[in-house]
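[1] quick one: sequence plus predicted model below, questions after.
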6 protein chains.
Amino acid sequence: MTQKVKIGKLAMLLASLSSEELETFHPSLEEVQYCQGKAGSMDVQKVIAAVETAAKRNHIISQEVYRETHALYHAILEALQGVTRGQIGVGNMMRTVGLRFSVVRGRPYEKEEEGEWVAVAFYGTIGAPVKGLEHETFGLGINHI
Amino acid sequence: MTQKVKIGKLAMLLASLSSEELETFHPSLEEVQYCQGKAGSMDVQKVIAAVETAAKRNHIISQEVYRETHALYHAILEALQGVTRGQIGVGNMMRTVGLRFSVVRGRPYEKEEEGEWVAVAFYGTIGAPVKGLEHETFGLGINHI
Amino acid sequence: MTQKVKIGKLAMLLASLSSEELETFHPSLEEVQYCQGKAGSMDVQKVIAAVETAAKRNHIISQEVYRETHALYHAILEALQGVTRGQIGVGNMMRTVGLRFSVVRGRPYEKEEEGEWVAVAFYGTIGAPVKGLEHETFGLGINHI
Amino acid sequence: MTQKVKIGKLAMLLASLSSEELETFHPSLEEVQYCQGKAGSMDVQKVIAAVETAAKRNHIISQEVYRETHALYHAILEALQGVTRGQIGVGNMMRTVGLRFSVVRGRPYEKEEEGEWVAVAFYGTIGAPVKGLEHETFGLGINHI
Amino acid sequence: MTQKVKIGKLAMLLASLSSEELETFHPSLEEVQYCQGKAGSMDVQKVIAAVETAAKRNHIISQEVYRETHALYHAILEALQGVTRGQIGVGNMMRTVGLRFSVVRGRPYEKEEEGEWVAVAFYGTIGAPVKGLEHETFGLGINHI
Amino acid sequence: MTQKVKIGKLAMLLASLSSEELETFHPSLEEVQYCQGKAGSMDVQKVIAAVETAAKRNHIISQEVYRETHALYHAILEALQGVTRGQIGVGNMMRTVGLRFSVVRGRPYEKEEEGEWVAVAFYGTIGAPVKGLEHETFGLGINHI
């Protein structure tokens, strides 16, 4: 791969590694902006809102510019496709404990004109609303910003 | 999370970390069976065949028992939903350089009766058939076996 | 077809034939476990819950083991794809009178190792929430358990 | 259900019962037009063509009128959603032995103005291109004609 | 194109042109029945209800005959696929200001037997529930009636 | 709507109006860059290629910068969702005579920071590969660039 900064892989590590693992691994995060968060429900709307709020509060995207919200929104939707495996609409019938997410913004390409991109990753469990009746799930979405 | 072995996370790390990173990280792989491989085309059928062949050749699943093929097949499809973000059918119009995958089989749950599960992860790039015109993509699928 | 017990066809007959028709037809049900039920709403979550509850109360699947719930859940989702014809997410906007379902668990294959599988079938009407403004609908899902 | 002729159920029985079973069951077929056929490939285009050809050759629909082809086409697509469980586009990567289909045309409703409707049903096996590595599948589509 | 009356294009113009533009353009509407309306929410159910109500109140379709409701319903769903671009189920998480719609019923084909068809078009904005954070969206669905 | 330049509506008009109609209507195109073209097959890959080629040859997007290709690509996919009404993967089984498309690039928003956006529109007929056995279809996709 020719990308100098793999924002997708960084987002995946930030969403799925524990603090201790991240310390061991210490991925290089100097060149990107990022935030992490949690979403404890599989109400798709709430999950989207949680990511948008975190990204805005941490100044990963600008609250004032629609194109940034638009870019992030589609990256979230793409990541949720991975989480729900093609059935976003069904999402609201399952509950999730411990869905973590991350948003990473950076310049993955050497070429200046490629500009900034955003990656959104989710990692956690999906399943019946009973502790233990669940399995892991993951999703990654990427968009130009 | 109450799972003692996170086969999904293991699969993700095996698919996306380089050999050096895996050495640094040395995730505990004693309790699982796993294999890694590459698939260099986005012809969905070829990708599925590559994973199935690798899993059978490495004795992750039994070639003789349909239920194991069936379990793996649906885990692959779910992982491809993440890769193609809900548009498996469109997959054949994009080309990919360097899609790596992993298959992990193990017992994620403490409870004996939960038995074995399989995780499939993909990591690589998706994009136009021109080097550089691509971005990262990820997918994870999990099923009981 | 080489399957000795066609659990899918049995599920279909159990969901769609009337008691009189079933008596005439008397499909051989000795080798399988099964239950029947009704779901009177197209709220997808309620339909899923109705099938899960019936399957657990009739001991078709074990309430204690997540992998059985997981297997049944995906069989239900597949059957609902047939009922809603690819638009599960839209399901909640239509109402249904007389949706009947069945769950059949058995060993469809001669080979011992293939083990048990589960089939879920739905049959009924789908349409506007006005009696008569509706047409028939059917769905079948099958999974290893 | 208030429908006097259940064309969907008739289509399902015609697609899934053996000749002996149909004789035992002898569903009342006087009021409908119908045909049966087989499609031995999961190339979605070929399956559609097989059903269309059978329906036209048996004069279930008129070859001259587009609206009849249009009605049948969408009923086939809906039935295929059940067969492929929401992933028509993936269909071409699996092979099927013994997919049988039926087309039934009739007047399901008491009311004269409701006119004619068409039902398409598929029943068979879906799976890997190896005999035995497959399970049952079903699909039903209905449309006004 | 051989169609004498392009009901889809008429529906598109009726949904997207302003009154002044329609006057300038004065598309020929003598041969069709049509109505226009607005739907101010992206709750999919409410949008469908708004179109159905408008079409019935303006006598574009008959309230008494299910096949007309059925034809319109599927035309609306197809149009909404364009509006939501394949994610009808997600629709309920976005809000829309100024979604206009039109329903056009007519005989697009020269051939008498092709009978009547219905076209549904939507045009407006889709986006976050904040004024300005939105972009245009459009959808067209067509069905025989 | 608060958008000063409705690139989506412009794209729709450019794709669907005849030259005479466009002259009557003379939409204001000074502030945008645009191109028009035709795609005579429903092989999804060829349609995408036709639009990309036209957009690059007419300098609507830069051939050198991946983010522009990426933005256009997703706008095309969204527009094709409208054309195929949610079944892009099935697209390859239908043929189309006279599918016209347009690509419009401009600044729809008053706010400078919102920058440039791209709209893709398709209009034409979709149907069986027999002249006349077809109906109109439309699709619109919009993305920030």
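    Right, received. Where do you want to start? Residues are numbered from 1 along each chain as shown, chains lettered A, B, ... in the order given.

[2] buried residues, stretch A:106-123. List them.
    For stretch A:106-123, the neighbour count (16 or more other CB atoms under 10 Å in any protein chain shown) marks A:106-109, A:114, A:116-123 as buried. Backbone N, C-alpha and C define where each C-beta goes, glycine included.

[3] let me see the mean pLDDT of that stretch.
    For stretch A:106-123, mean pLDDT is 94.

[4] is that stretch anywhere near chain F?
    Yes: under the criterion of CB under 8 Å from any CB of the partner chain, chain F is reached by stretch A:106-123 at A:109, A:111, A:113-115, A:117.

[5] ok, and does that stretch reach over to chain E?
    No: using CB under 8 Å from any CB, stretch A:106-123 stays clear of chain E, coming no nearer than 15.3 Å.

[6] on that earlier part again, take the buried residues of stretch A:106-123 and keep only those in strands.
    Among the buried residues of stretch A:106-123, the members found in strands (DSSP state E) are A:106, A:117-123.

[7] in TSV: the residues you listed, plus distance to chain D.
    Putting those into TSV (distance: CB to the nearest CB, whole Å) gives the following:
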residue	distance to chain D
A:Gly106	33
A:Trp117	27
A:Val118	28
A:Ala119	26
A:Val120	24
A:Ala121	25
A:Phe122	22
A:Tyr123	25
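
[8] surely A:Gly8 meets A:Leu140?
    Yes: using CB atoms under 8 Å, A:Gly8 is in contact with A:Leu140, at 5.4 Å.

[9] quickly list what's touching both of the two.
    A:119, A:121, B:136-138 (CB atoms under 8 Å, 6 or more residues apart in numbering or on different chains).

[10] now flag whichever of the residues you listed is closest to B:Leu17.
    B:Phe138 (12.6 Å; CB to CB).

[11] so how far is chain E from A:Ser62?
    12 Å (CB to the nearest CB, to the nearest Å).

[12] tell me the contacts of that residue?
    Residues counted as contacts of A:Ser62 (CB under 8 Å, 6+ apart) are A:56, A:68, F:113.

[13] and it, how far from C:Ala128?
    Relative to C:Ala128, A:Ser62 is positioned 45 Å away (CB to CB, to the nearest Å).

[14] is chain B within reach of the biggest helix by length in chain A?
    Across chain A, the longest stretch assigned as helix under DSSP state H is helix A:66-84. Yes: for helix A:66-84, a contact with chain B is found by CB under 8 Å from any CB, at A:77-78, A:81-82.

[15] so is that helix next to chain D?
    No: on the criterion CB under 8 Å from any CB, helix A:66-84 is out of touch with chain D, staying 12.5 Å away.

[16] show me what that helix is packed up against.
    With contacts taken as 3 or more CB pairs under 8 Å, 6 or more residues apart in numbering or on different chains; DSSP states H and E, helix A:66-84 sits against helix A:44-57, strand A:99-106, strand A:117-127, strand A:134-144, helix B:66-84, strand B:134-144, strand F:134-144.

[17] which residues of chain A score low on pLDDT?
    A:1-2, A:42, A:86-97, A:129-132 (pLDDT under 70).

[18] quick check: residues of it near chain F?
    Residues of chain A lying near chain F (CB under 8 Å from any CB): A:62, A:64-67, A:70-71, A:74, A:109, A:111, A:113-115, A:117, A:143-144.

[19] mind doing that once more with 10 Å?
    Contacts of chain A with chain F, taken as CB under 10 Å from any CB of the partner chain, map to A:62, A:64-71, A:74, A:78, A:108-109, A:111-117, A:142-145.

[20] from chain C, how far off is the nearest residue to A:Thr137 once chain neighbours are set aside?
    Once flanking residues are discounted, A:Thr137 sits nearest to A:Ile126: 4.2 Å by CB to CB, 6 or more residues apart in numbering or on different chains. Look at A:Ile126 and chain C: by CB to the nearest CB, they are 10 Å apart.

[21] my guess is A:Ile126 contacts A:Val47. True?
    No: in this structure, A:Ile126 is not within contact of A:Val47 by CB atoms under 10 Å, at 11.4 Å.

[22] when the two are compared, which one has more neighbours?
    A:Val47 (24 against 21; other CB atoms under 10 Å in any protein chain shown).

[23] next one: phi and psi at the spatially closest residue to that one that is not a sequence neighbour?
    Residue nearest to A:Val47 in three dimensions, not counting chain neighbours: A:Ala39, with 4.6 Å by CB to CB, 6+ apart. Note on A:Ala39: its backbone torsions stand at phi -140, psi 120 [degrees, to the nearest 10].

[24] A:Ala39: what's it in contact with?
    Shown in contact with A:Ala39 (CB atoms under 10 Å, 6 or more residues apart in numbering or on different chains): A:46-51, A:54, A:96, A:98-101, A:122, A:124.

[25] ok, now A:Met12?
    A:6, A:27, A:102, A:104, A:119, A:121-123, A:138-140, B:9, B:12-13, B:15-16, B:121, B:123, B:136, B:138, B:140.
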